[in-house]
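Student: Sequence below, structure please.
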Amino acid sequence: MNLFETLSVSASGMSAQRRRATALVENLTNSETTRTPEGGPYRRKDVVFQSEPAHSPFSGIFQNELNQSFGRGEAAVGVSVSEVVEDTREPDRRYIPGHPDADSKGYVAFPRLNPAEDMVDLMGASRNYSANVAAMSAIKDMINRSIDLVRG
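Tutor: Alright, predicted model coming up:
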């Protein structure tokens with residue numbers, strides 16, 4: 001794996017964590033939403049990741065030539081979002097008889113969310129994103145040092 005492929009792996013991780021953070025923020029924002037355009041309360045969303053080969057637009061042609069010449073078949077593996085799944089569990093029911101969305105018995109359907117759990121997940125996504133930024137910065141420094149060695 002070359003340094004450009006490693007940049008692609010980090011970039012794929014950053015993209016996946018951004019999608020995860022977006023879903024978590026949406027969950028937190030709608031934690032009390034009792035009515036959606038689809039009907040009923042908001043449904044929690046979870047992002048599912050999958051591994052996939054990393055593609056390096058920076059060195060794709062060059063790397064293909066190296067693989068053919070030297071028989072190197074190692075491929076960098078990144079991550080992508082395979083799907084965003086919606087929670088299918090029954091919503092929480094709270095007794096609030098004066099609420100506009102209350103049923104005939106006075107119960108209101110609320111999203112089945114745990115804001116504390118989503119906040120912890122959001123902090124994890126933020127840290128994972130930052131770790132990928134740090135890895136990209138280290139790779140950039142290695143590339144710059146390699147160029148300096150070639151010049152000097």
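Student: So what does the closest residue to Ala21 other than its chain neighbours have for phi and psi?
Tutor: Excluding the flanking residues, the one nearest Ala21 by C-beta to C-beta, 6 or more residues apart in numbering is Ala125, at 4.4 Å. (Each C-beta comes from the backbone N, C-alpha and C, glycine too.) Dihedral pair for Ala125: phi -60, psi -40, per degrees, to the nearest 10.
Student: Val25 is in contact with Ala125, correct?
Tutor: No - assessed by C-beta atoms under 8 Å, Ala125 is found out of contact with Val25, at 9.6 Å.
Student: the more surrounded of the two?
Tutor: Neighbour tally, Ala125 and Val25, criterion other C-beta atoms under 10 Å: the higher count belongs to Ala125, 21 against 13.
Student: For this protein, name the helix or strand with the lowest mean pLDDT.
Tutor: helix 60-70 (a mean of 53; mean pLDDT, DSSP states H and E).
Student: Show me the contact partners of the next helix or strand after it.
Tutor: Moving toward the C-terminus from helix 60-70, the next helix or strand (DSSP states H and E) is strand 77-86. Strand 77-86 is contacted from outside by 8-9, 11-13, 15-16, 19-20, 23, 43-54, using C-beta atoms under 8 Å, 6 or more residues apart in numbering.
Student: Nice, that's everything, thank you.
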